[in-house]
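Using only what follows, build the 3D model:
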Amino acid sequence: MNRPIRIDNHPFRFLLYLEWILLALAALTAILPYTSPKFSPRFPELTICSLIIFGLMGLSLPTSNRSNKLIYTASEVFLILITGFFGGRTARLFPFLYLILVTRSCLIFKFYGRLAVTIISFVLFLITLRHRFPKYPLPPQAQERFGFFTLSLALLFALTLVFVLLLMNAVLSERQSREELAIANEKLRQYALKIENQATLEERNRIAREIHDSLGHSLTALNLQLETALKLSQSNPNRAITFLARAKELGSKALQDVRQSVSTMRSHPLQAQSLEQAISVLAEDFHRSTNIVPICQIHLDYPLQIEVSTAVYRIIQESLTNISKYANASEVKLELTTNINSLLLRIYDNGRGFDLRQNTTGFGLQSMRDRTLALGGKFDINSTLGYGCQITVNIPLGKFKV
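Coordinates of the predicted model:
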């Protein structure tokens, strides 16, 4: 807490009201006349003025500067001593002022500062109590009763100070815990909002990848079929019709992919088939589109969780799409193996290759990289102009084993 404690931000209003009640009683005691001069205050104006200043000081408690705290506490002690020595019968209420002093110290000091103020209050109480001892000799029996009463009063006041100190420490600790809990809840709420926004962004990226991987693949194959049919329309119409029929199938598949994307891709490509079967379908589609038969070597010794299988399927799909669009290859090889610790995927082609410094930021390559990194894997691509391309994906399977 950096700003001073005032009425508008006082942590415990009832303590402030209790102070005012006690100070009002003390002021009233100083004002009332007494028949015996022994009980009358010697300087009632000074006593009342001290009580008023002491009460007004409770309207603002320093909490930041250590020097201000010490000066403030010293001023309170000085005002209490004035009341105790010059207040007459009002001095009977001065122990309550020490209780107020300890209470205020708990609001502005840490534990050791509070303990020091409590000890100082008790010592000053004993000094002021000693000042009230009779100045004339008493009979032995009266002396014994007076000493017992004084000792009992001192012990009672000491226990009261300890009780107030422990009570204030407990109340302040509970309040601090609630404030920390409120801060933690607010941070948690902000973190949840941030996570929600991040999840929304990731979901958008996922849908974008799904649209690119599924719809992009189908439209690329459709374009190739139409281009081939257009070239054969004059020389070989019958074969052109075959490519047009295949193009119609791909168009229907593309339409289906669009519908699936609009429904946030609730279904996945491996819903009704294994990863090996899905890769076989991709290889067949690739063969139909490019007349290239990909060499597939698949050895899966361990079953895979659906998130790994889907990521591998999408990476292979995107790789074959890129090869059919850009590589101009005549040979494609795919290797997929698993061992006890990891999954290894390699995809080769002998196409024209590309410059890694210029062509590694495309959406397709970035999608493959993101899918691999999301599973804690490693994505590598190696390509040189005129010498084809090689994609290597290595995914640890420690937490993805079925």
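
Report the contact partners of residue 109.
69, 116, 117 (C-beta atoms under 8 Å, 6 or more residues apart in numbering). Backbone N, C-alpha and C define where each C-beta goes, glycine included.

scratch that, residue 218 is what I was asking about
Counted by C-beta under 8 Å, 6+ apart, residue 218 has contacts 250, 251, 253, 254, 257.

How about it: what's its closest non-neighbour residue?
Leaving aside its chain neighbours, residue 218 sits nearest to residue 254 (4.0 Å; criterion: C-beta to C-beta, 6 or more residues apart in numbering).

Work out the gap between the helix or strand harbouring that neighbour and the centre of the chain.
Here residue 254 sits within helix 237-262, counting by DSSP states H and E. Helix 237-262 sits 49 Å away from the centroid of its parent chain (C-alpha atoms, centre = their mean, to the nearest Å).

Buried residues, whichever helix or strand comes after it. List them.
Once helix 237-262 ends, the next helix or strand along the chain (criterion: DSSP H and E) is helix 275-290. Neighbour-count burial for helix 275-290 flags 275, 278, 279, 282, 283, 285, 286, 288, 289, 290 (criterion: 16 or more other C-beta atoms under 10 Å).

what sits up against helix 275-290?
By C-beta under 8 Å, 6+ apart, the surrounding residues in contact with helix 275-290 are 217, 220-221, 224-225, 246, 269-270, 273, 292-294, 296, 298, 300, 304, 309, 312-313, 316-317, 320, 323-324, 332, 334, 336.

still on that earlier bit, would you mind checking the average pLDDT for the helix holding residue 254?
Mean pLDDT, helix 237-262: 77.

One more: stretch 76-93?
70.

and if you look at stretch 367-374?
Here the average pLDDT along stretch 367-374 is 86.

just to revisit the earlier point, from the contacts of helix 275-290, which would you call buried?
Among the contacts of helix 275-290, those buried by neighbour count (16+ other C-beta under 10 Å) are 217, 220-221, 224-225, 246, 269-270, 292, 294, 296, 304, 309, 312-313, 316-317, 320, 323-324, 332, 334, 336.

Filter those residues down to the ones in strands?
296, 332, 334, 336 (DSSP state E).

Chain neighbours aside, what residue packs nearest to the third one?
What sits nearest to residue 334 in space, not counting adjacent residues and going by C-beta to C-beta, 6+ apart, is residue 296, at 4.8 Å.

contacting residues around that neighbour?
Neighbour list for residue 296: 279, 280, 283, 334, 336 [criterion: C-beta under 8 Å, 6+ apart].

returning to that earlier point: and the ones in strands among the buried ones among the contacts of helix 275-290, which is closest to residue 140?
residue 336 (107.0 Å; C-beta to C-beta).

measure the closest residue to the closest one other than its chain neighbours to residue 345 for me?
In space, and not counting its chain neighbours, residue 336 is closest to residue 298: 4.6 Å by C-beta to C-beta, 6+ apart. Here the criterion is C-beta to C-beta, to the nearest Å. By it, residue 298 lies 10 Å from residue 345.

list the residues that contact both of those two?
Here residue 298 and residue 345 have 334, 335, 336 as joint contacts, going by C-beta under 8 Å, 6+ apart.

Could you pull up the residues touching residue 158?
Residue 158 is in contact with residue 122, counting by C-beta under 8 Å, 6+ apart.

quick revisit: just give me the least confident of the buried residues of helix 275-290.
residue 289 (80).

roughly how far apart are it and residue 383?
Taken as C-beta to C-beta, the span from residue 289 to residue 383 is 21 Å.

ok, now residue 216?
Taking C-beta to C-beta, one finds residue 216 at 20 Å from residue 383.

Equivalent analysis for residue 236, please.
On the measure of C-beta to C-beta, residue 236 and residue 383 end up 35 Å apart.

Which one of the two is surrounded by more residues?
Using other C-beta atoms under 10 Å, the more surrounded residue of residue 236 and residue 383 is residue 383, with 20 against 13.

Does the residue nearest to residue 336 belong to a helix, a strand or coil?
strand (DSSP: H, G, I helix; E, B strand; the rest coil).

do residue 395 as well
Residue 395 ends up strand, using three-state DSSP.

residues near it, how many?
24.

Just to check, it is in contact with residue 305?
No: in this structure, residue 395 is not within contact of residue 305 by C-beta atoms under 8 Å, at 10.8 Å.

Please enumerate the strands of this protein.
Ranges of strands in the chain, per DSSP E, are 5-6, 60-61, 295-299, 332-338, 342-349, 378-383, 389-396.

For the first one, which outside residues touch it?
Strand 5-6 is touched from outside by 11, 59, 60, 61, 63, 107, 108, with contacts defined as C-beta under 8 Å, 6+ apart.

In JSON lines, list those residues along with distance to residue 82, pLDDT and neighbour count.
Output for those, formatted as JSON lines (distance: C-beta to C-beta, whole Å; pLDDT from 0 to 100; neighbours: other C-beta atoms under 10 Å):
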{"residue": "11", "distance to residue 82": "29", "pLDDT": "74", "neighbour count": "14"}
{"residue": "59", "distance to residue 82": "20", "pLDDT": "81", "neighbour count": "13"}
{"residue": "60", "distance to residue 82": "21", "pLDDT": "83", "neighbour count": "13"}
{"residue": "61", "distance to residue 82": "21", "pLDDT": "84", "neighbour count": "18"}
{"residue": "63", "distance to residue 82": "26", "pLDDT": "81", "neighbour count": "15"}
{"residue": "107", "distance to residue 82": "23", "pLDDT": "86", "neighbour count": "19"}
{"residue": "108", "distance to residue 82": "22", "pLDDT": "87", "neighbour count": "21"}
